[in-house]
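Participant: after the sequence you'll find the predicted model.
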Amino acid sequence: MDVFFANAISFGVIFLFGCVGEILTEKSGHLNLGIPGIMCMGAAGGCFGVKLVAMGESPNGVLVVIMGILFAMIFAGALGAVYGFLTVSLRSNQNVTGLACTIFGVGFTSFFLNNVVLTEGVSTALSYAGLNFFNAHIPGTENLGWFGTIFLRQGVLAYLAIVIAVIAAVVLRYTKAGLNLRAVGENPATADAVGINVTGYKYTFIVAGAAIAGLGGLCYVMGYMNGIVGSTVDQTIQGIGWLSIALVIFTLWKPALAIVGSIVFGILYILSSRITGISFEQIQLLNLIPYIVTILVLIVTSILGRREMQPPASLGLSYFREDR
Amino acid sequence: MERVKEPFIHITKREPMPWWKGLCIRVGAVLIALIISAIFISASSPRGRGFFDYFASLFSGAFGTERRFWLFLQNTALLLCVALALVVAFKLKFWNLGGNGQVLMGCLACAMCMYYLGGKWSDGAVGLLMFVVSVAAGAIWAVIPAIFKAFFNTNESLFTLMMNYIAMYLVAYFIAVWYPNGTGAMPPLTDANLPTFGSGQAGRSLPVILAAVIVTAFIYCYLRFTKHGYEVSLVGESKNSARYAGINVKKVIIRTLVLSGALCGLVGFLLVGSVNHMVSTSMDGNMGFTGIMVAWLGKFNPLIMAGVSLFINFLSRGMAQVCTDFGFTSEALSDIVIGLIYFFFIGCEFFIVYKVHFNFRGRHGREAPRFSMTAEDEAEQPSSGPPLSEAPPEEGTGRAADALSTPVEGGTVCAPAPIGAEPSPAEAVKKRRRSKEEEN
């Protein structure tokens, strides 16, 4: 049971990365449906970064982790910048641009992993020496009971996710930048009139959000899957990405709530593969649970329809200064 | 004297462009994307193929043999049907991202009929039932989000997305129940296949193509000539106006989504009954998403959409050939190229709607801004001149129009036209340029 919850957390943080990234993007007034593609890009970039430094005889563990994180953020941030350029500067429709990003990102990842990362005859597993660095445990936490198993024996990315979520929550709630960002998302024209650099805020938080979401892809491949890259990795991450976007509504655009929400989703998601003694077709039905729960949450929040449960007012609308 | 800082790039809205000019921009964007992809792919090809081989492979993949040509037409027909199904929802501003799920449910319902009744009833009776059940399944899958959207304003894009995955796992469930060998694959069923026109790929593809032609004509007429179609565009433009005009908005949303889902179900029926004779979890071929792009790039016009889906299928079938010829192992290359083309196509819309002016002189720190401001901008940036509607400026002339027609500190400001005869942005820009030249 302890192991189940530990696994749920290590899966849930994947959602947490995607969800926090999407919250930051949505707070700037942009609904980024490209998150699934961007998370895939993160996985591709992370694998690439790890491959660069982990091939030698005795790779440096810290360097492997840093390179993985760095390249995941660069790849994901690049696709986020493309999305930002198209929707902020060129004022394209956000839904359509986001879907194009998803199509591109998923395709790119599948191609890149097959042709660049997984060459040299390795088809299903990244069998590099340095893979376990992402899941290295804190020394001396082996015998601390259930608390240690669940909370102290996670990989480095899990703690990073929670740190990022807390920082995002603080920035949004207590800093001037967060206040300005919320103003941009609620009403860019007013924010512009006050002298806030609307375009700058939008770009910054779209790219930052994408980079954070990209870590989710890295976390899936290197953290949860322990470096094993299956043939359907792009499809799996795509599904996780859509759930992360849905999780934003579930957590009412609050990064702190996202920590709880993503762990709940992690439990629901891995339920089907952890319950023993059920048949193959029952597993398929258990797989439905996270999606059904998401739909129920969508319905309940829309029926309640409170003001604090609403998205930023200008979400999905492009801002052109001379439109009045 | 206060120096005015003018932005380097200034963007204005354009006059509506003649259609051929817009077409040129779009074709140019696609060509640029194709050339970029050709350069990258020919440079990274493991087999050392060249730039022009890329285009040769593209055409050979789509039109190389008779079979490929018919498959190309068949896939285009299916994609076009999905896009047409989605376009009625988009006209309503209902983001139906659930095309994949609706198609899959149509597939599943059709396969169920074939599995349980094939060989027991006559093929004609099963065929008819397959049609009805598939269309109904697709419609149900679309109408569930529609009902919640109509009554509670539930976020429809995420709702429909989640329905995709539910459909996918339901298909996986039924395959696991029917063929419990654990592979999750289903062999083609031989009973109750839809009739073909003769043998060969042409005979198999023709029913699908025929269906697509009928659906295209139907949707074109539905959106353009019927009262229903008019109500759809009215609700899409403004829900409040529609309500004011006495239209039952909830009814329109639900009715339209029934149509949208039913057409997706029809695609499922064609996919299982006529093309594959079995069902798999990836049978939708991601057409729900590609269909969105087709609908958007086709400007919601069924005839242009037909052209766009021809082009996208040309690319995806052509790219499959490029992968083989150039020695790439992953079929995903086509997604990359198509994604790149989407980016360029989406981006080029900006240059059709907006005009970009570069303010080179402002960058060199000249006093006079090249783009003097309109009255509205005046009010926003008081440093560049006297505000319009406030107390008389220091020159003492009093009225804003006078003050503005004379050169003021920091730059030239043109006289605004009288209220009610406001010039269009393009005219205003010309006018400002003229007044600038006169001054020089």
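Facilitator: In hand now; what should we look at? These numbers come from a predicted model, not from an experiment.
Participant: enumerate every residue touching the nearest residue to residue A:109 once chain neighbours are set aside.
Facilitator: Among residues not flanking residue A:109 along the chain, residue A:40 sits closest, at 3.8 Å (CB to CB, 6 or more residues apart in numbering or on different chains). Bear in mind the C-beta positions are built from the backbone N, C-alpha and C, glycine included. By CB atoms under 8 Å, 6 or more residues apart in numbering or on different chains, residue A:40 lies in contact with A:105-106, A:108-110, A:217, A:234, A:237-238, A:241.
Participant: for residue A:40, which three-state class applies?
Facilitator: Judged by DSSP: H, G, I helix; E, B strand; the rest coil, the three-state class of residue A:40 is helix.
Participant: gap between it and residue A:291?
Facilitator: Separation of residue A:40 from residue A:291 (CB to CB, to the nearest Å): 19 Å.
Participant: would you agree residue B:17 is in contact with residue B:351?
Facilitator: No: assessed by CB atoms under 8 Å, residue B:17 is found out of contact with residue B:351, at 9.5 Å.
Participant: those two: which has the busier surroundings?
Facilitator: Ranked by neighbour count (other CB atoms under 10 Å in any protein chain shown), residue B:17 and residue B:351 place residue B:351 first, with 17 against 14.
Participant: which pLDDT value belongs to the more buried one?
Facilitator: pLDDT, residue B:351: 87.
Participant: contacting residues around it?
Facilitator: Residue B:351 sits next to residue B:25 when contact means CB under 8 Å, 6+ apart.
Participant: that one is in what secondary structure piece?
Facilitator: According to DSSP states H and E, residue B:351 maps onto helix B:333-353.
Participant: which helices and strands does the helix or strand following that helix pack with?
Facilitator: Following helix B:333-353 in sequence order, the next helix or strand is strand B:354-358 (DSSP H and E). On a contact count with 3 or more CB pairs under 8 Å, 6 or more residues apart in numbering or on different chains; DSSP states H and E, strand B:354-358 meets strand B:9-13.
Participant: what average pLDDT does the strand it packs on get?
Facilitator: Strand B:9-13 comes out at a mean pLDDT of 82.
Participant: number of residues surrounding residue 6?
Facilitator: Since no chain was named, I'll use chain A. The burial count assigned to residue A:6 is 19, neighbours taken as other CB under 10 Å.
Participant: right idea, wrong chain: chain B
Facilitator: Neighbours of residue B:6 using other CB under 10 Å come to 21.
Participant: tell me the domain boundaries of chain B?
Facilitator: B:68-296, B:372-439 (automatic domain parsing).
Participant: and residue A:201, how far is that from residue A:80?
Facilitator: Taking CB to CB, one finds residue A:201 at 14 Å from residue A:80.
Participant: make that residue B:173, sorry
Facilitator: 36 Å.
Participant: neighbour-wise, which of these two wins?
Facilitator: residue A:80 (32 against 19).
Participant: I'd assumed that one was in a helix, is it?
Facilitator: Yes: per three-state DSSP, residue A:80 lies within a helix segment.
Participant: give me every residue that touches residue B:145.
Facilitator: Going by CB under 8 Å, 6+ apart, the list of residues near residue B:145 reads B:96, B:98, B:154, B:156, B:159-160, B:163, B:257.
Participant: the same query, at a cut-off of 10 Å, please.
Facilitator: A:295, A:298-299, B:89, B:94-98, B:101, B:154-163, B:253, B:257, B:261 (CB atoms under 10 Å, 6 or more residues apart in numbering or on different chains).
Participant: isn't residue B:80 up against residue B:270?
Facilitator: No: counting by CB atoms under 10 Å, residue B:80 does not reach residue B:270; the two are 11.7 Å apart.
Participant: higher neighbour count, these two?
Facilitator: residue B:80 (31 against 26).
Participant: just give the nearest non-adjacent residue to the more buried one, would you?
Facilitator: Residue B:80's closest residue in space is residue B:309 (CB to CB, 6+ apart), at 4.4 Å.
Participant: give me the element that neighbour is part of.
Facilitator: Using DSSP H and E, residue B:309 falls in helix B:302-326.
Participant: so where is the chain shaky, pLDDT-wise?
Facilitator: Since no chain was named, I'll use chain A. For chain A, applying pLDDT under 70 flags the ranges A:55-59, A:118-132, A:140-141, A:324.
Participant: ah, no, chain B please
Facilitator: In chain B (pLDDT under 70), the answer is B:1-5, B:48, B:182, B:184, B:192, B:361-440.
Participant: the longest helix in it is where?
Facilitator: When chain B is parsed with DSSP state H, its longest helix is helix B:123-152.
Participant: in that helix, what counts as buried?
Facilitator: Across helix B:123-152, burial judged by 16 or more other CB atoms under 10 Å in any protein chain shown covers B:123, B:126-127, B:129-131, B:133-146, B:148-150, B:152.
Participant: do stretch B:91-99 as well
Facilitator: Using 16+ other CB under 10 Å as the test for burial, stretch B:91-99 gives B:91-92, B:94-99.
Participant: any idea which of those is the one closest to residue A:165?
Facilitator: residue B:97 (26.7 Å; CB to CB).
Participant: state the distance from the residue nearest to residue A:109 to residue B:93.
Facilitator: 29 Å.
Participant: packing partners for the longest helix along chain A?
Facilitator: Using DSSP H to define each element, chain A has its longest helix at helix A:2-27. Judged by 3 or more CB pairs under 10 Å, 6 or more residues apart in numbering or on different chains; DSSP states H and E, helix A:2-27 is in contact with helix A:35-54, helix A:61-84, helix A:145-147, helix A:156-174, helix A:176-186, helix A:198-218, helix A:233-250, helix A:255-274.
Participant: next one: the shortest one to chain centre, how far?
Facilitator: Its chain's average C-alpha position is 28 Å from that of helix A:145-147, according to CA atoms, centre = their mean, to the nearest Å.
Participant: what ranges does the stretch 1-150 of chain B have for its helices?
Facilitator: For the stretch 1-150 of chain B, the helices defined by DSSP state H, counting those that start in this stretch occupy B:19-44, B:51-63, B:66-91, B:99-117, B:123-152.
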